[in-house]
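build me a model:
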Amino acid sequence: MRTEELQSYLAAIVDSSDDAIIGVRLDGIVETWNVAAERLFGYPAPEAVGRHMALLEPPELPGEIAGFLARIARGDTIRHVRTVRIGKNGGRIAVSVTVSPVRDAEGRVIGASAIDRDIGGQTALENALRISEERYRSLTLASAQIVWTKNAEGQVSEDWPMWRAFTGQRADELAGRGWANAVHPEDRERIFEVWANAAKTATVYETEYRVRRRDGEYRHMAVRGVPVLEPGGAVREWIGTCADITGRRRAEEEVRTIHAELEKRVQERTSQLEAANHELEAFSYSVSHDLRAPLRAIHGFSRILMEEYAPEFSGQVRHYLEVIHENALQMGELIDDLLIFSRLSRQPLQKQAIAPADLVAQALHDLNQETDPRIEVLVRALPPCEGDPALLKQVYVNLLSNSIKYTGRCAQARIEVGALPADGRAAVYYVRDNGVGFDMQYVHKLFGVFQRLHKASEYPGTGIGLAIVQRILQRHGGRIWAESELGRGATFYFTMEPEP
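Here you go, the predicted structure:
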């Protein structure tokens, strides 16, 4: 090949290279500038040839190129030095530089050949990898958990500094499965079985075991390992954490102990309550039988005296007999109400769907007020509910009997039974009358046993009726309250089920 052809051939090779190839004199003046150099640095060859290489040198690296050329002049070769160059547009370009001496026929260094390779993408990738590794290390150190890694076979192949700091093991003691020597002997076989199952299916590894701390105390650890997969699905490695849950386990044990103690107390209290209920049943039996017998005698003999021997007694004696007779009757009613009240807490509820209007009709019938012309009873629409029909009927009987009693002096008694608009809440029922009413400052006494806001001589009764009503409604999860004004009647509101 002729010299001219050889030169053209070499020039074509230089221009076809992806790397910037620059011919430089020892004084730094550019003599050749290939196409790749034009692409990389942005200078066309006519603008670069004849100028000093320092046009590519960044301000923070003054004299770097001159230093390279000085070494070249001594015959050195500079290989793969990472540095930065400045392009025509002022942009910074990361390059790997290789500079070789160019010699003449006698072997003297007369110039340099510089090959600059663009490594910007590689540098960005390396920086991203470095930042990621730094973040991983920082997260590992910041975590309150022990972070570990294992190879695909579950063997320790890298150091576990956090594990060593916790257990006191040396780095050489961790190799393979040596780390397990810090695990409680009773837990080792189990955790290796769990590991084998997770490795077989390449799924998350989760378990708990005890680890011996460097001071000799065993601590409970919650352990979780995640497989890192290759693109083909094979496990490359495992990454996991160990979290000290000893405090949580102790707290759970304390909760279990407290729960067991509470259960024991509940059982004891239940036994005591059952015993008290048996005693109350015995008391109720005694009241029902032992007290009724003398009352029947008082009631019976006083009635005989009034009916058969009345002519022989003075008016005052007859009055005394009437008082005895009436008080015996009242005492009987009081015993009946007390028995009802005492049984309410023990009587099981027989809940079912109820139409309150039917209960009102039954209550009025029992009170003989269905056709009483003196009383105007208005029963409005009553929404259905659920409860014990016998007990809820007693609610209406007691409230209606109250209204009848306290409207007794009205020329035209009016009693209204209805319900407020529900608005999505539990139904609120009411019984309203136009009777004597009461002073609201004493409303807190209204539902107490034996609490009366009116004299017994004016309005007879035992003082237990409203307490019975409250107890029935409470057993259903409901409640009762009242509003009134002296001389202007009273309204009793109540719910038959829990309010949302």
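
pLDDT-wise, which helix or strand of this protein ranks last?
Taking mean pLDDT, DSSP states H and E as the measure, the chain has helix 3-16 as its least confident helix or strand, at a mean of 51.

for whichever helix or strand comes after it, the distance to its chain's centre please.
Once the chain leaves helix 3-16, the next helix or strand it forms, by DSSP states H and E, is strand 20-25. Chain-centre distance of strand 20-25: 69 Å, with Cα atoms, centre = their mean, to the nearest Å.

give me the buried positions along strand 20-25.
For strand 20-25, the neighbour count (16 or more other Cβ atoms under 10 Å) marks 20-24 as buried. C-beta: built from backbone N, CA, C; applies to glycine.

residue 85: which of those residues is nearest?
residue 20 (9.0 Å; Cβ to Cβ).

domain ranges for the protein, per the record?
Per automatic domain parsing, the structural domains of the chain span 3-124, 143-244, 254-343, 351-494.

mind showing which ranges of the stretch 51-200 of the chain have poor pLDDT?
Scanning the stretch 51-200 of the chain for pLDDT under 70 picks out the ranges 121-144.

I'd like the next helix or strand past the biggest helix by length in the chain.
Counting by DSSP state H, the longest helix found in the chain is helix 246-286. Using DSSP H and E, the next helix or strand after helix 246-286 towards the C-terminus is helix 292-308.

hey, C-alpha coordinates of that following helix in CSV?
Output in CSV follows, covering the C-alpha atoms of helix 292-308 (Å, rounded to 0.1, in the frame of the first residue of the first chain):
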residue,chain,number,x,y,z
ARG,A,292,-99.1,-11.8,103.0
ALA,A,293,-100.5,-14.2,105.7
PRO,A,294,-100.8,-11.5,108.5
LEU,A,295,-101.9,-9.0,105.9
ARG,A,296,-104.7,-11.3,104.8
ALA,A,297,-105.7,-11.7,108.4
ILE,A,298,-105.7,-7.9,109.1
HIS,A,299,-107.6,-7.3,105.9
GLY,A,300,-110.1,-10.1,106.4
PHE,A,301,-110.9,-9.4,110.1
SER,A,302,-111.1,-5.7,109.6
ARG,A,303,-113.6,-6.3,106.8
ILE,A,304,-115.7,-8.7,109.0
LEU,A,305,-115.7,-6.1,111.8
MET,A,306,-116.9,-3.4,109.4
GLU,A,307,-119.6,-5.5,107.8
GLU,A,308,-121.0,-7.5,110.7
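
buried set for it?
Applying 16+ other Cβ under 10 Å to helix 292-308 flags 298-299, 302, 305-306 as buried.

stretch 402-416 now?
402-407, 410, 413-416.

can you list these in JSON lines and add secondary structure, distance to residue 491 and pLDDT?
Output for the buried residues of stretch 402-416, formatted as JSON lines (DSSP: H, G, I helix; E, B strand; the rest coil; distance: Cβ to Cβ, whole Å; pLDDT from 0 to 100):
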{"residue": "402", "secondary structure": "helix", "distance to residue 491": "12", "pLDDT": "84"}
{"residue": "403", "secondary structure": "helix", "distance to residue 491": "10", "pLDDT": "87"}
{"residue": "404", "secondary structure": "helix", "distance to residue 491": "15", "pLDDT": "86"}
{"residue": "405", "secondary structure": "helix", "distance to residue 491": "16", "pLDDT": "83"}
{"residue": "406", "secondary structure": "helix", "distance to residue 491": "12", "pLDDT": "79"}
{"residue": "407", "secondary structure": "coil", "distance to residue 491": "13", "pLDDT": "84"}
{"residue": "410", "secondary structure": "coil", "distance to residue 491": "15", "pLDDT": "80"}
{"residue": "413", "secondary structure": "strand", "distance to residue 491": "15", "pLDDT": "86"}
{"residue": "414", "secondary structure": "strand", "distance to residue 491": "12", "pLDDT": "89"}
{"residue": "415", "secondary structure": "strand", "distance to residue 491": "11", "pLDDT": "91"}
{"residue": "416", "secondary structure": "strand", "distance to residue 491": "9", "pLDDT": "93"}
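
from the residues you listed, which two are the most distant?
Using Cβ to Cβ for every pair in those, the one that comes out farthest apart is 405 and 416, at 16.3 Å.

where do the helices of the protein begin and end?
3-16, 35-41, 45-48, 64-73, 120-142, 161-167, 185-201, 246-286, 292-308, 315-344, 356-366, 389-406, 465-475.

distance of the nearest residue to residue 97 once chain neighbours are set aside from residue 57?
Distances taken as Cβ to Cβ, 6 or more residues apart in numbering put residue 81 closest to residue 97, at 4.9 Å, once the chain neighbours are dropped. From residue 81 across to residue 57, the span is 13 Å (Cβ to Cβ, to the nearest Å).

the two: who's more crowded?
Using other Cβ atoms under 10 Å, the more surrounded residue of residue 81 and residue 57 is residue 57, with 19 against 12.

burial check on the closest residue to the more buried one other than its chain neighbours, number of neighbours?
Spatially, and ignoring its direct neighbours in sequence, residue 57 is nearest to residue 65 (5.4 Å; Cβ to Cβ, 6+ apart). Residue 65: 23 surrounding residues under other Cβ under 10 Å.

quick one, what contacts residue 65?
28, 53-54, 56-57 (Cβ atoms under 8 Å, 6 or more residues apart in numbering).

which of the residues you listed tops the neighbour count?
That'd be residue 56 among the contacts of residue 65, by other Cβ under 10 Å, with 27 neighbours.

show me what contacts that residue?
41, 65, 85-87.

wait, the residue nearest to residue 97 touches residue 96, no?
Yes - between residue 81 and residue 96 there is a contact at 7.0 Å, judged by Cβ atoms under 8 Å.

spell out which residues are contacts of both of those two.
What both residue 81 and residue 96 touch, as defined by Cβ under 8 Å, 6+ apart, is an empty set.

hmm, back to that, from the buried residues of helix 292-308, which has minimum pLDDT?
Among those, residue 299 carries the weakest pLDDT, at 70.

that residue contacts residue 321, doesn't it?
No - Residue 299 lies out of contact with residue 321 (Cβ under 8 Å); the separation is 11.2 Å.

list the residues that contact the residue nearest to residue 356 when sequence neighbours are not counted.
Excluding its sequence neighbours, the residue lying closest to residue 356 (Cβ to Cβ, 6+ apart) is residue 382, at 4.0 Å. Shown in contact with residue 382 (Cβ under 8 Å, 6+ apart): 355-357, 360, 417-419, 429.

try 6 Å
356-357, 419 (Cβ atoms under 6 Å, 6 or more residues apart in numbering).

and it, how far from residue 480?
Residue 382 sits 16 Å away from residue 480 when distances are taken as Cβ to Cβ.

go on, residue 59?
90 Å.

quick one: which of these two has more around it?
Legend: neighbour count by other Cβ under 10 Å for residue 59 and residue 480, higher for residue 480 (21 against 6).

list the beta-bridge partners for that one.
Here residue 480 shows beta-bridge partners residue 494, assigned using DSSP bridges.

in this structure it contacts residue 496, no?
No - judged on Cβ atoms under 6 Å, residue 480 makes no contact with residue 496 at a distance of 9.9 Å.

now for residue 148, how many residues are close by?
So residue 148, with other Cβ under 10 Å, has 22 neighbours.

got the contact list for it?
With Cβ under 6 Å, 6+ apart, residue 148 has these contacts: 160, 240.

mind running it again at 7 Å?
160, 163, 240, 242 (Cβ atoms under 7 Å, 6 or more residues apart in numbering).

just give the number of residues close to the closest residue to the third one other than its chain neighbours.
Ranked by Cβ to Cβ, 6+ apart and with sequence neighbours excluded, the top spatial neighbour of residue 240 is residue 225, at 3.2 Å. Counted with other Cβ under 10 Å, the burial measure for residue 225 works out to 22 neighbours.

what pLDDT does residue 225 get?
Residue 225 is given a pLDDT of 87.
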